[in-house]
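Asks: fold the following.
(2 chains)
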Number of protein chains: 2
Amino acid sequence: MMDRMEIRIAGKGGQGVILASIILAEAAVNSGKYATQTQSYGPEARGGACKAETIISEHKISYPEITVPNFVMALTQNAADKYIRNLPEDTIVVLDSGVMPPEGASDYRLYRLPILETAEKKVGKALTANIVAVGAINRILDICSFEQLYETVRNRVPKGTEELNLKALQAGYEMDSEDKR
Amino acid sequence: MMDRMEIRIAGKGGQGVILASIILAEAAVNSGKYATQTQSYGPEARGGACKAETIISEHKISYPEITVPNFVMALTQNAADKYIRNLPEDTIVVLDSGVMPPEGASDYRLYRLPILETAEKKVGKALTANIVAVGAINRILDICSFEQLYETVRNRVPKGTEELNLKALQAGYEMDSEDKR
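Replies: Got it, this is the predicted structure:
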């Protein structure tokens, strides 16, 4: 992986983007790296777009807020319209297939992945979309091994849902982009 | 509550301090405030002390990292030894009853509360210590109403555990400090 990665995951409340962001941070630490994980909320966040951010580094992190993300994922149109803006040209942008690329998105390294559909139809539970997303992110960014990632997921999800979440993680790894450039 | 509060919760992995910190941030937002929530991890965090931080403000927050906390809670001795240091004299410090005050702690506004014992014996489940802690923190800091806090807890805990967590929250409100100064 890169020496330092700044990862933003955006969606709407209830999609589990905070947990996805925490899992990436913990998986990174479990493979010997440093990480910080942050979310900011305002009254406008109620029912609207929300985001969670993870910084992962080979070195100690002194400033924990994302300045310029290398990677942004948006699971909803609102989130894409709000958080995919003013990014450097080489930013990796992953959109759920149901999201239309916002203006200017063609400048980025764009992937469109059927995250929500995979969770609902292939895994069989819409609530696993965040774990599908975690799988897809690690496949692209190579933060840690699949085994390390699964170990972290297993420790973070409710007891009794381990198998379902393993399925979600695998489905996330196996998704094909419809629109990779 | 105060105009701006910087709240640090420290413990060990598995005690749910991140969830406690997230719940405080979300409860604050649900009552119309701004909040950020952060954790930093390093390889040294594995199995050791960990902390999660929440900033709550009446106004938009431009710098999301805690600079000087107003409030620090430590659930374990390691966490207290590591994170209760160099604080301003008027910092509110809450220690679990099983934790010895670290050197210099007498300078602070110290509370010792039986958080872990209350979760284990009164609520009947050690894993609810983080929710007991959330109740205790809100009673001291008055971030939002009990009803708003419970609503947030209910949305964040696994389905089927709502009643247990309500009991934990109430027990957190009702705890008496052994050592309030």
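
Asks: just the mean pLDDT for stretch A:21-29, thanks.
Replies: Stretch A:21-29 shows a mean pLDDT of 95.

Asks: got the residues of chain A near chain B?
Replies: A:18, A:22, A:25-26, A:28-30, A:32-43, A:45-46, A:60-61, A:63-65, A:158 (Cβ under 8 Å from any Cβ of the partner chain). For the C-beta atoms, the positions are set from N, CA and C on the backbone; glycine is no exception.

Asks: now the buried members of the residues you listed.
Replies: A:18, A:22, A:25-26, A:28-30, A:33-42, A:45, A:61, A:64-65 (16 or more other Cβ atoms under 10 Å in any protein chain shown).

Asks: any stretches of chain A with poor pLDDT?
Replies: Across chain A, the ranges flagged by pLDDT under 70 are A:1, A:44-47, A:64-66, A:178-181.

Asks: filter the residues of chain A next to chain B down to the ones in strands?
Replies: Among the residues of chain A next to chain B, the members found in strands (DSSP state E) are A:Y34, A:A35, A:T36, A:Q37, A:T38, A:Q39, A:S40, A:Y41.

Asks: my guess is the last one meets A:K51, correct?
Replies: So the one you mean is A:Y41. No - applying Cβ atoms under 8 Å, one finds A:Y41 not in contact with A:K51, separated by 9.8 Å.

Asks: burial of A:K122, as a residue count?
Replies: Counted with other Cβ atoms under 10 Å in any protein chain shown, the neighbours of A:K122 add up to 17.

Asks: that one and A:S21: what is the separation?
Replies: 23 Å (Cβ to Cβ, to the nearest Å).

Asks: three-state assignment of A:Y111?
Replies: Three-state call for A:Y111 (DSSP: H, G, I helix; E, B strand; the rest coil): strand.

Asks: quick check: it touching A:L95?
Replies: Yes - at 7.3 Å, A:Y111 and A:L95 qualify as touching, with contact defined as Cβ under 8 Å.

Asks: bridging residues for A:A35?
Replies: A:I56, B:Y41 (DSSP bridges).

Asks: compare A:Y111 and A:L95 (neighbour count), which wins?
Replies: A:L95 (28 against 20).

Asks: can you name the residues bridging to that one?
Replies: A:A74, A:R112.

Asks: tell me who's in contact with it.
Replies: A:M73, A:A74, A:A80, A:P101, A:A105, A:L110, A:Y111, A:R112, A:L113 (Cβ atoms under 8 Å, 6 or more residues apart in numbering or on different chains).

Asks: if we use 7 Å, what do you get?
Replies: Going by Cβ atoms under 7 Å, 6 or more residues apart in numbering or on different chains, A:L95 touches A:A74, A:A80, A:P101, A:R112.

Asks: nearest to A:I143, of the residues you listed?
Replies: A:A74 (19.3 Å; Cβ to Cβ).

Asks: having no further points to raise, I will conclude here.
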